[in-house]
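Asker: missing the sequence, but the structure's below:
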């Protein structure tokens, strides 16, 4: 995702831009230079910016932004800012007094480098209309060149925001939404809780699914709420850094050697930052939502199972007999099932967000229409809202759809610039011939999706599917609502890649539950800079990996919250090595 952040002086644009990127692994291209003639106030501003940057970021002070961007087009990068770069460039070539001065060449060069950048890129720039510029020839030159540069960079970016008085305004091309946006339909009926033990008296019997029946009509839904452009998200605030600092301090005071609980300590710190309090609380209402949908590409032999298994497994979920149900019961998590595009008529209780019956064959046609894509995104956002408003304090997404690792692999390949043979795995256990067919389908899908790789809505429309689009909306909305998520396997993580492009910074609210056996999953996790908790060679999906990681997360939180400190337990801490008598 390439984002241009515009704003006036002291508007908060730099702080906003910094918050869009992770705390580690970021390259900071600083364009401001201390003037040779001396300017204490300006030098102080530069120093304050240096102090604010995370210590884990790599800072490069440069006047050649285009060259730096081309030298590494994948590492997450922040450029701050273009106004300083324009002044620095004009200074370097003596352009202030040149009536024929022209920056069009260097503007083309830098905008081209931005267009070619494949990683996360945030560019900060002053909006000339919001800044005080002296009404002199030099001031007009600066205004003209910066205005041209901002326009060129905006055209090369996927997202443009304007910061005014600390408030975030999303900018974009004019869009006719008079009839293009499908309203989100939010039913009021209770959802199906698929957590109950099927052997108990309270368990529902397996519903009678009818694959021959017609598509479920959305007209029967009694009430509706609209997300007209559900692909657009407000600013995603980062988890609470102060709570994380306090949690890290507390980890050092607990009755254990520092770092002796390994990853559990980092997980607990992450939870504290998400909850905004230290010590954090053990999760009381973890919830997994299983998003189901069929895919036209499944008829091409890319899976070891026939397409009708999707509807059969959804019935199994609703009856409480699948792995996700068993794991949910044993680990105290509620399981909810939602049919987004199953190629069968399913009970109304789980099909109220249904977009269509089966997504299109992405090797030959778009998976969805624009209206269907927006409907799926809006459905995912509404489902997240429903669960959070009902008390869920930790969310997980699961999925079911024969053939769904094919669109997921296509998304990962496109968003990480990987070749089909590198990302294609065995899915449900296909043989060599099946792998060859699947690789061909992924290749064809990547060819169709490549022109849309930097536009999330169009990418989902072209090569995803309704349940994948819904999961993307679900994951991004959870981050917007400041609710932590444990990610599952390949399909969920592919949706997460798109979600983080739609809502930059959302990944800060996610924890990778496990690493699946699918090669594309490792590549996607690396792109998101997430280290999985477990590596058990799982490849089932359904949310099973996230649920298996749940007790590890709960254990991490419990140790930070409930262990005694050295002072509370009257236990001596580690000896100060400087106080040890070397003669004893």
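Answerer: Yes, it's here. Note that the structure is predicted; figures quoted are calculated from it, not measured.

Asker: End to end on stretch 67-79, go ahead and measure it.
Answerer: With Cα to Cα, to the nearest Å as the measure, the ends of stretch 67-79 fall 13 Å from one another.

Asker: Average pLDDT for that stretch, rounded please.
Answerer: The average pLDDT within stretch 67-79 is 93.

Asker: same deal with stretch 104-117?
Answerer: pLDDT averaged over stretch 104-117 gives 91.

Asker: hey, where'd the strands end up in the protein?
Answerer: For the chain, the strands defined by DSSP state E cover 2-7, 27-30, 58-61, 77-80, 121-126, 159-164, 167-171, 286-293, 334-341, 394-400, 485-487, 510-512.

Asker: Residue 234 is nearest to which of those strands?
Answerer: strand 167-171 (6.5 Å; Cβ to Cβ). To be clear about C-beta, it is placed using only N, CA and C from the backbone, and glycine gets the same treatment.

Asker: so where is this protein shaky, pLDDT-wise?
Answerer: Counting by pLDDT under 70, the ranges of the chain that qualify are 23, 32-53, 129-135, 166, 172-192, 196-227, 575-584.

Asker: hang on, residue 504 packs against residue 3?
Answerer: Yes: at 6.1 Å, residue 504 counts as touching residue 3 under the criterion of Cβ atoms under 8 Å.

Asker: what do those two both touch?
Answerer: Shared contacts of residue 504 and residue 3, defined by Cβ atoms under 8 Å, 6 or more residues apart in numbering, are found at 20, 122, 159.

Asker: can you redo those residues as JSON lines with distance to residue 322?
Answerer: Below are these laid out as JSON lines (distance: Cβ to Cβ, whole Å):
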{"residue": "20", "distance to residue 322": "38"}
{"residue": "122", "distance to residue 322": "41"}
{"residue": "159", "distance to residue 322": "38"}
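
Asker: ok, of the residues you listed, which one's closest to residue 498?
Answerer: Closest approach to residue 498 among the shared contacts of residue 504 and residue 3 (Cβ to Cβ): residue 159, at 13.5 Å.

Asker: can you tell me how far that closest one sits from residue 528?
Answerer: 18 Å (Cβ to Cβ, to the nearest Å).

Asker: Check residue 426 too.
Answerer: Here the criterion is Cβ to Cβ. By it, residue 426 lies 23 Å from residue 528.

Asker: Could you do residue 436 as well?
Answerer: Going from residue 436 to residue 528 by Cβ to Cβ gives 29 Å.

Asker: Neighbour count: those two, which is higher?
Answerer: Neighbour count, other Cβ atoms under 10 Å: between residue 436 and residue 528, residue 528 has more, with 20 against 13.

Asker: Now do the nearest residue to that one once chain neighbours are set aside against residue 232, distance only.
Answerer: In space, and not counting its chain neighbours, residue 528 is closest to residue 507: 5.0 Å by Cβ to Cβ, 6 or more residues apart in numbering. Shown here: residue 507 relative to residue 232, a distance of 18 Å by Cβ to Cβ.

Asker: So between these two, which is more surrounded?
Answerer: The residue with more neighbours, out of residue 507 and residue 232, is residue 507; 25 against 15, by other Cβ under 10 Å.

Asker: give the contact list for the residue nearest the centre of the chain.
Answerer: Nearest residue to the geometric centre of the chain (Cα atoms, centre = their mean): residue 500, 2.5 Å. By Cβ under 8 Å, 6+ apart, the contact set of residue 500 is 1, 476, 506, 507, 528.

Asker: Tell me which residues touch the second one, please.
Answerer: The neighbours of residue 476, taking Cβ under 8 Å, 6+ apart as the test, are 233, 236, 381, 499, 500, 502, 503, 506.

Asker: neighbour-wise, which of residue 504 and residue 3 wins?
Answerer: Between residue 504 and residue 3, counting by other Cβ under 10 Å, residue 504 is the more crowded of the two (26 against 21).

Asker: Any figure for the gap between the more buried one and residue 236?
Answerer: 7 Å.

Asker: anything in contact with each of those two?
Answerer: residue 20.

Asker: rewinding a little: any chance of the strands of the chain in a markdown table, with distance to residue 352 too?
Answerer: Listed next are these as a markdown table, based on distance: least, Cβ to Cβ, whole Å:
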| stretch | distance to residue 352 |
| --- | --- |
| strand 2-7 | 35 |
| strand 27-30 | 45 |
| strand 58-61 | 48 |
| strand 77-80 | 42 |
| strand 121-126 | 38 |
| strand 159-164 | 31 |
| strand 167-171 | 29 |
| strand 286-293 | 13 |
| strand 334-341 | 8 |
| strand 394-400 | 17 |
| strand 485-487 | 23 |
| strand 510-512 | 26 |
